[in-house]
Every structure is written in structure tokens, then in C-alpha cells.
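Peer 1: dropping a prediction and its sequence here:
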Amino acid sequence: MTQIDLRSEGHQHTPFEDAQALILGTALCALGIHLLTHAGLITGQVAGLAVLVSYVSGWSFGWVFFVVNIPFYALALMRLGWRFVLKTVIGVTLLSVMAELAPHVLRLDYIHPGVAAFLAGATLGLGVLAIFRHGASLGGIGILAYYLQEKTGLRAGYVQFGVDALIFAAAFALLDPVLVGWSLLGVAMVNGIVAINHRGDLYVGH
């Protein structure tokens, strides 16, 4: 099994620090998903795919997101090790549960799609960044993006841009093009935050 050294040069995160990052990171992401779905927007990666499927099928985002991520754990286990997989499974599960609970504990009246896209992009980007920096991801393409960055130096945000292009092509064919257009703002923010701030030469968490 190929293991990737996720240790930073000067600090190894404690279990408490990892737990804090996973809880806060997934809470921020759940808030972002709640803002997006309330406004009828989408996002990228597997989360975007799960949102798209939930819109078309009527199935719950949380359950779709949880199930779609299962196959990606095999890649993570082979390439990134059991610690990464364990943290990622916990993160995916937390996000699935929080996304299910969000409409029941945070009810919104109205939010402009542009504002929703901006705020969702910010919360999702910061949430994903916190999770990445503690040696985990939210599954799916995040696993592949994290692996490629640690192995080749290719920034995770750039990998996600390519995948997002395919998801948005499908969204333009299925959803309101105006709302999909606003959604691009949120995705640009998410990937920009990750690409600029999650760099191996600056910080790699464990």
C-alpha cells in the first residue's frame, strides 16, 4: 500500500484538533449546501453531482452524497492510507447528517441567488480547506484531488475545476440556466480558496 506522508514539518495535529476541524469544516459545508439548495443552485465535485441528482430525482442530498462517495474509499485506502480514509468517512458522514438536519434547524425565507452563491462558495471553500489541512477530504473528487496534489504537486483546486466543468455542462441541460450561471460564482470561490490556500509549500496538515 502506498502511503503519503501527511505530517507537517513542525506540528502533528492531535486527535482533538482533527476532531475540531472535521466538525467545524463539515458544519460550514453543510451551511453552504443549505444555502445552495434553498436558492436552487448547484456546486461542483461529488457534492454538486449529489445536489443535481437530488433535484432531478427528489431523493435526499444527504443520502445521495453518502452513497456516491462509497466507491472512492477504495482509492483512498490504496493510495492515502487508513487514517485518511477514517477521517474522510467521518467527514462525509457528518456532512450527510448535518445536511439532512439543516432545513429543520435553519429555515430561510428569501435569499438572492447571487448572495447565496457568494456565501455558499465562501463557507464551502473554508470548510473544505479546514478538512484538507487535517489530512482528510469530503470524499469523491476531493480524494483524487488531494492525492494528486500530495503525489505530483498539482493543486487540488485545479483538478476540481476540470471535473466541475463536466457537472455544470449537465446542469445547464437540466436546470434553469440563470441559476446555473449564478452557481458558477460559488464554484469559482470554492476552488479559488482551495487553490490559493492549500499548498504543499505552505502547509500540509496531518
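Peer 2: Cool, got the structure.
Peer 1: C-alpha coordinates for whichever helix or strand residue 52 is part of, CSV please?
Peer 2: According to DSSP states H and E, residue 52 maps onto helix 45-57. Only the C-alpha atoms of helix 45-57 are listed here, as CSV (Å, rounded to 0.1, in the frame of the first residue of the first chain):
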residue,chain,number,x,y,z
GLN,A,45,-17.5,17.8,-7.4
VAL,A,46,-19.4,14.9,-5.9
ALA,A,47,-21.4,17.3,-3.8
GLY,A,48,-22.6,19.0,-7.0
LEU,A,49,-23.5,15.7,-8.5
ALA,A,50,-25.5,14.7,-5.4
VAL,A,51,-27.3,18.1,-5.5
LEU,A,52,-28.1,17.6,-9.2
VAL,A,53,-29.4,14.1,-8.6
SER,A,54,-31.5,15.3,-5.6
TYR,A,55,-33.1,18.0,-7.8
VAL,A,56,-33.9,15.6,-10.6
SER,A,57,-35.0,12.6,-8.5
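Peer 1: which helices and strands does the helix or strand harbouring residue 68 pack with?
Peer 2: Remark: residue 68 resides in helix 61-69, with elements defined by DSSP H and E. On a contact count with 3 or more CB pairs under 8 Å, 6 or more residues apart in numbering; DSSP states H and E, helix 61-69 meets helix 45-57, helix 82-105. Bear in mind the C-beta positions are built from the backbone N, C-alpha and C, glycine included.
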